[in-house]
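Participant: Turn this into a model:
(4 chains)
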Number of protein chains: 2
Amino acid sequence: MEVAEQNTESKILEAARQVFTQKGFAAARMQEIADVAGINKGLLHYYFRNKNKLFKAVFDEAFERFALKVNDIFAADIPLFEKIEAFVDQYMDIMLENPSLPAFVINELNQKGDEFVKGIMNRKHRPNPLLLIGQIQMEVEAGRIRPVNPLHLVLNMLSMCAFPFIARPMFQGLVQVDDATYLKLMENRKREVTDFILNAIRVKQ
Amino acid sequence: MEVAEQNTESKILEAARQVFTQKGFAAARMQEIADVAGINKGLLHYYFRNKNKLFKAVFDEAFERFALKVNDIFAADIPLFEKIEAFVDQYMDIMLENPSLPAFVINELNQKGDEFVKGIMNRKHRPNPLLLIGQIQMEVEAGRIRPVNPLHLVLNMLSMCAFPFIARPMFQGLVQVDDATYLKLMENRKREVTDFILNAIRVKQ
DNA sequence: GTCTATAGGTAGATAGAC
DNA sequence: GTCTATCTACCTATAGAC
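Facilitator: Reported below is the predicted structural model:
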């Protein structure tokens, strides 16, 4: 449960990430973060003044890391079909590497007020799907794919990749599978979702 | 903000539903629930003993209402293509009627421990996708649709319907749309998602 | 059944020794 | 920088009058 050898600030951040992502802001306890970090509670305040600032540090870092990776894929200069495959692959890899992160981000954006969301969304590094939407639009106009609404297509891609991770407890509760089976299912899912999307937009012969 | 004329227990439940779904269990305050209900804090404990029991009452009711509707669609005795259309339509209607509910359920299942999830999932009324999965399996074997993995297909359907509501703040933050526009988008989305799915599974001529 | 007042516990934050 | 001790505020829950 404890955190590896590193400087105190890093230990705190990693512990805070663990506790905040698992419990959410409101249920997270400074005492537990200190315990996980293996340090004293007072030190949290020495480094990060208060709970809100510590949370903001964790959330911003997580959100930005996420945004950068996603934008890399959105902006890549490759054909649409390849980009969709790459997107599904890499997006689900991010999820597999940080299983509790997407639910955490979504949830805090839901519960914190509008000002919080505004603050997050008005930063330079945020997911920007416009490039991908434009690319889809061009393919539609050229008649190379079915006439789909580009915004909904992007939303479909995001949904199918992210939802199974966000709703993991519900999913694992409904179809009774252990963690190993679940992870295997998600690995298979990459191929399944990619095929699903490509068949959905491909023009009929 | 206050709650209409009804008996005290109903007023409490409706107020609790509002506050819990918006703030989540940990951040919800008994005082605020009492205020919204327009009654005194002590009455909450008179009717529901403690915060946990009040929460359980709200959560169970929401989850069960949701499960019953979903199962109705899963179990309907109609052809697959019609069922998919009906599912998308009705499932998204549930979301439109209770916008903050799906995120609430998902989130509490994430944050509360495994015992809580077990407790929820071992009840008679819970979503049961097995009938739909079986129906898909039969269509695949008969060669009437593409050979898709039935479990992933169901997951795709759920994902595309639910995710835009769960991630609504993020979505509205990224593509800057007001609430009215968002709702219109979700209405259009029914048709778009249905077509998307049907094209994805239809056998090529 | 409904209210007021308050007990009891806990969590965030600070003060101050080392 | 790191610790211990403590302050203060708040929140759940209870007691008791009406």
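Participant: so what's A:Phe171 up against?
Facilitator: A:164, A:182, B:155 (Cβ atoms under 8 Å, 6 or more residues apart in numbering or on different chains). C-beta: built from backbone N, CA, C; applies to glycine.
Participant: Rebuild those residues as TSV, extending it with distance to DNA strand C and neighbour count.
Facilitator: Shown next, in TSV, are the contacts of A:Phe171 (distance: Cβ to the nearest atom of the strand, whole Å; neighbours: other Cβ atoms under 10 Å in any protein chain shown):
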residue	distance to DNA strand C	neighbour count
A:Pro164	31	25
A:Tyr182	31	17
B:Leu155	36	22
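Participant: Go through these and say which is closest to DNA strand D.
Facilitator: Closest approach between those and DNA strand D, by Cβ to the nearest atom of the strand: A:Pro164, at 32.4 Å.
Participant: ok so, going back, out of the contacts of A:Phe171, which sit inside helices?
Facilitator: Within the contacts of A:Phe171, residues falling in helices by DSSP state H are A:164, A:182, B:155.
Participant: residues in chain A within reach of DNA strand D, list them.
Facilitator: Counting by Cβ under 7 Å from any atom of the strand, the positions of chain A adjacent to DNA strand D are A:8, A:39-43, A:46.
Participant: switch the cut-off to 10 Å
Facilitator: A:7-9, A:11-12, A:31, A:34, A:37-47 (Cβ under 10 Å from any atom of the strand).
Participant: Give me the buried entries from those.
Facilitator: A:11-12, A:34, A:37, A:39, A:44, A:47 (16 or more other Cβ atoms under 10 Å in any protein chain shown).
Participant: Show me the strands in chain A, by range?
Facilitator: Using DSSP state E, no strands are found in chain A.
Participant: Regarding it, what is its longest helix?
Facilitator: helix A:51-75.
Participant: just checking, what packs against that one?
Facilitator: helix A:8-23, helix A:41-48, helix A:80-97, helix A:101-111, helix A:114-121, helix A:130-141 (3 or more Cβ pairs under 8 Å, 6 or more residues apart in numbering or on different chains; DSSP states H and E).
Participant: Off-centre distance for that helix?
Facilitator: Centroid displacement of helix A:51-75 relative to its chain, using Cα atoms, centre = their mean, to the nearest Å, is 9 Å.
Participant: circling back: put together TSV for the buried ones among the residues of chain A next to DNA strand D, with pLDDT and distance to B:Leu68 on each row.
Facilitator: Below are those laid out as TSV (pLDDT from 0 to 100; distance: Cβ to Cβ, whole Å):
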residue	pLDDT	distance to B:Leu68
A:Lys11	97	48
A:Ile12	98	46
A:Ala34	98	45
A:Ala37	97	45
A:Ile39	97	49
A:Leu44	98	46
A:Tyr47	98	50
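Participant: which of these lies closest to DNA strand C?
Facilitator: Using Cβ to the nearest atom of the strand, A:Leu44 is the member of those that lies nearest DNA strand C, at 7.6 Å.
Participant: mind listing what that closest one touches?
Facilitator: Contacts of A:Leu44 (Cβ under 8 Å, 6+ apart): A:12, A:30, A:33-34, A:37, A:54.
Participant: Can you lay out the residues you listed as a markdown table showing distance to A:Glu108?
Facilitator: A markdown table is the format used below for the contacts of A:Leu44 (distance: Cβ to Cβ, whole Å):
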| residue | distance to A:Glu108 |
| --- | --- |
| A:Ile12 | 19 |
| A:Met30 | 17 |
| A:Ile33 | 16 |
| A:Ala34 | 21 |
| A:Ala37 | 21 |
| A:Leu54 | 13 |
